[in-house]
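Novice: Model the structure of this input:
(one chain, ligands or ions: 2)
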Amino acid sequence: MRAGSGRGRPDLDEDDIRVRARGGSRPRTRKRPRHEDAQEGFVTAVDRGRYRCLVNGRSVVAMKARELGRGSIVVGDRVALVGDLSGRPDTLARVVRVEERSSVLRRTADDTDPVERVIVANADRLVIVCALADPDPQPRFIDRCLVAAYDAGLEPLLCLTKADLAAPDELLALYSALDLPHVVTRRDGDLSPLLDHLRGRISVLIGSSGVGKSTLVNLLVPEADRAVGHVNPVTGRGRHTSTSAVALPIEGGWIIDTPGVRSFGLAHVEPDDVVAGFPDLADAVDECPPGCTHLGDGCALDAWVDEGRVEAARVVSLRRLLAGREGEDAAADGAGRARS
Ligand SMILES: Nc1nc2c(ncn2[C@@H]2O[C@H](COP(=O)(O)OP(=O)(O)OP(=O)(O)O)[C@@H](O)[C@H]2O)c(=O)[nH]1
Ligand SMILES: [Zn+2]
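Specialist: Numbering: from 1, shown residues only. Ligands and ions are numbered 1, 2, ... in the order given. Alright, predicted model coming up:
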């Protein structure tokens, strides 16, 4: 609801891609105009062409220099700025350079915007937040996020919330073959295991509606006060915001909250890289005939399921992602249901 509301259809940025686009999805080096006096900054929020950046410990609002063209600037970007860097109210600096990105995450295309847009740059960890109950856990959502994380080169962390309502064992069993780091949280529980994973890192939080993301962020970064949600993170004024990601400082690192981001797009991910998100199925897939789509006859996964050597649920999940990649709506279904 927040994402995209109130904005017209903006022009495509050069690093946004149509759902069916192939290739060209890797981070790229940008042109570098000279600005000797430019200062380094870190983008913490983006709203309607204004960028909030942390520069020398000060929070500065900036616009994009014309010479940067159509390329996007997103939360997590490392940028160079010139102009008024005082951070005083109603001042505006200029971003003159975007440094090469070490990773990019794209949100899913959806009905209102058929383009997978880059929403976060330079993250190194994806925290997949999933409730153990209320709403029920959604392994397909987790699997989709795992594929996105591995593809983007982010380390996944499974964060299972609401352990006071249900035990994590059944869900964890599904991922036991994966060597997937996880933490379990509960109401009034100890958050230090989670904090240990976040310290000094750039972590992105993703999860369906109601799983407890805001609750976690408010406990981890009390001054962020995410429950309020009506203060524009860029201008600081009380206007409803259309932002889709905000970086909050946490113990030498950043935690990036993604309100309104339903899931991450996979349309640009090659089938082999989707399969790579299921390392527990790798040995089975090795026995597939050359060029196997894993969706039709002769796929070795069927035999492995019949022989009880892999979890049927995992194969179903992989196939849903592979089949749904062309029409992202189908694949996003698992993630979308909990939102409605
Ligand atoms: N029992 C229990 N309830 C929790 C826990 N964490 C959060 N909740 C409750 O779950 C509900 C949803 O929590 P939020 O933090 O708003 O969830 P969210 O993921 O931010 O949801 P959206 O803002 O819709 O994306 C609230 O009523 C919380 O109080 C928990 O560990 N245990
Ligand atoms: Zn196969």
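
Novice: Next to ligand 1, which bits of the stretch 101-250 of the chain? Give me the list.
Specialist: Contact residues (CB under 6 Å from any ligand atom) of the stretch 101-250 of the chain with ligand 1: 161-162, 164-165, 185-187, 207, 209-215. Quick note: C-beta positions are derived from backbone N, CA and C, even for glycine.

Novice: Any regions of the stretch 1-150 of the chain where pLDDT drops low?
Specialist: Per-residue confidence for the stretch 1-150 of the chain (pLDDT under 70) gives these ranges: 1-14, 17-34.

Novice: Mind jotting down where the strands sit in it?
Specialist: Ranges of strands in the stretch 1-150 of the chain, per DSSP state E, counting those that start in this stretch, are 17-18, 39-47, 50-55, 58-64, 78-83, 93-98, 104-106, 115-116, 118-121, 125-131.

Novice: nearest to Trp254, of those strands?
Specialist: Trp254 sits nearest to strand 39-47 of all these, at 7.7 Å, using CB to CB.

Novice: counting contacts, what elements does that closest one pack onto?
Specialist: Contacts defined by 3 or more CB pairs under 8 Å, 6 or more residues apart in numbering; DSSP states H and E place strand 39-47 against strand 50-55, strand 58-64, strand 78-83, strand 246-250.

Novice: Can you lay out those as TSV showing mean neighbour count?
Specialist: Below are the helices and strands packed on strand 39-47 laid out as TSV (neighbours: other CB atoms under 10 Å):
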stretch	mean neighbour count
strand 50-55	22
strand 58-64	19
strand 78-83	20
strand 246-250	20
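
Novice: Next, format those as a markdown table and append distance to Arg117.
Specialist: Below are the helices and strands packed on strand 39-47 laid out as a markdown table (distance: least, CB to CB, whole Å):
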| stretch | distance to Arg117 |
| --- | --- |
| strand 50-55 | 15 |
| strand 58-64 | 16 |
| strand 78-83 | 18 |
| strand 246-250 | 16 |
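
Novice: want to throw these into TSV with distance to ligand 2?
Specialist: What follows is those, written out as TSV (distance: least, CB to the ion, whole Å):
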stretch	distance to ligand 2
strand 50-55	45
strand 58-64	45
strand 78-83	41
strand 246-250	40
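
Novice: Can you check which of the ones you listed gets nearest to Pro114?
Specialist: Closest to Pro114 of the helices and strands packed on strand 39-47 is strand 58-64 (CB to CB; 23.8 Å).

Novice: pull the CA atoms of the closest one into CSV?
Specialist: Taking Å, rounded to 0.1, in the frame of the first residue of the first chain, the C-alpha atoms of strand 58-64 are listed here in CSV:
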residue,chain,number,x,y,z
ARG,A,58,25.7,14.3,9.6
SER,A,59,22.4,13.5,8.0
VAL,A,60,22.1,15.4,4.7
VAL,A,61,19.3,15.6,2.1
ALA,A,62,20.5,15.6,-1.5
MET,A,63,19.3,15.5,-5.1
LYS,A,64,20.8,13.6,-7.9
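
Novice: can you list the residues that contact stretch 193-200?
Specialist: Residues outside stretch 193-200 that contact it (CB atoms under 8 Å, 6 or more residues apart in numbering) are 125, 127, 157, 159, 181, 183, 185, 203, 216, 220, 250-253, 255.

Novice: Of those residues, just say which sits nearest to ligand 1.
Specialist: For the contacts of stretch 193-200, the residue nearest ligand 1 by CB to the nearest ligand atom is Thr185; the value is 5.6 Å.

Novice: Report how many residues lie close to the residue lying closest to the closest one once chain neighbours are set aside.
Specialist: Here the nearest residue to Thr185 in space, its sequence neighbours aside, is Thr161; by CB to CB, 6 or more residues apart in numbering that works out to 5.0 Å. Here the number of neighbours of Thr161 (other CB atoms under 10 Å) works out to 28.

Novice: For Thr161, give me the pLDDT.
Specialist: In this prediction, Thr161 carries a pLDDT score of 97.

Novice: if I look at it, how far off is Val118?
Specialist: Noted for Thr161: a distance of 27 Å to Val118, by CB to CB, to the nearest Å.

Novice: And stretch 101-115, how far out from the chain middle?
Specialist: Distance of stretch 101-115 from its chain centroid, counting by CA atoms, centre = their mean, to the nearest Å, is 9 Å.

Novice: quick one: the helices in the stretch 51-200 of the chain?
Specialist: Secondary structure of the stretch 51-200 of the chain by DSSP state H, counting those that start in this stretch: the helices cover 139-152, 169-174, 192-198.

Novice: in the second one, what's buried?
Specialist: By that I understand helix 169-174. 171-172, 174 (16 or more other CB atoms under 10 Å).

Novice: any idea of the mean pLDDT for that helix?
Specialist: On average, the pLDDT along helix 169-174 is 93.

Novice: got a list of contacts for that helix?
Specialist: 130, 132, 137, 139, 160, 182, 311, 313-314.

Novice: Just the buried ones from the residues you listed, in ChimeraX syntax?
Specialist: Selection of buried members from the contacts of helix 169-174 for ChimeraX, criterion 16+ other CB under 10 Å:
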select :130,132,137,139,160,182,311,314
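
Novice: returning to that earlier point: what's the closest of the helices and strands packed on strand 39-47 to Arg144?
Specialist: Arg144 sits nearest to strand 246-250 of all these, at 22.4 Å, using CB to CB.

Novice: who are the neighbours of that closest one, in terms of helices and strands?
Specialist: If contacts are counted by 3+ CB pairs under 8 Å, 6+ apart, strand 246-250 sits against strand 39-47, strand 253-257.
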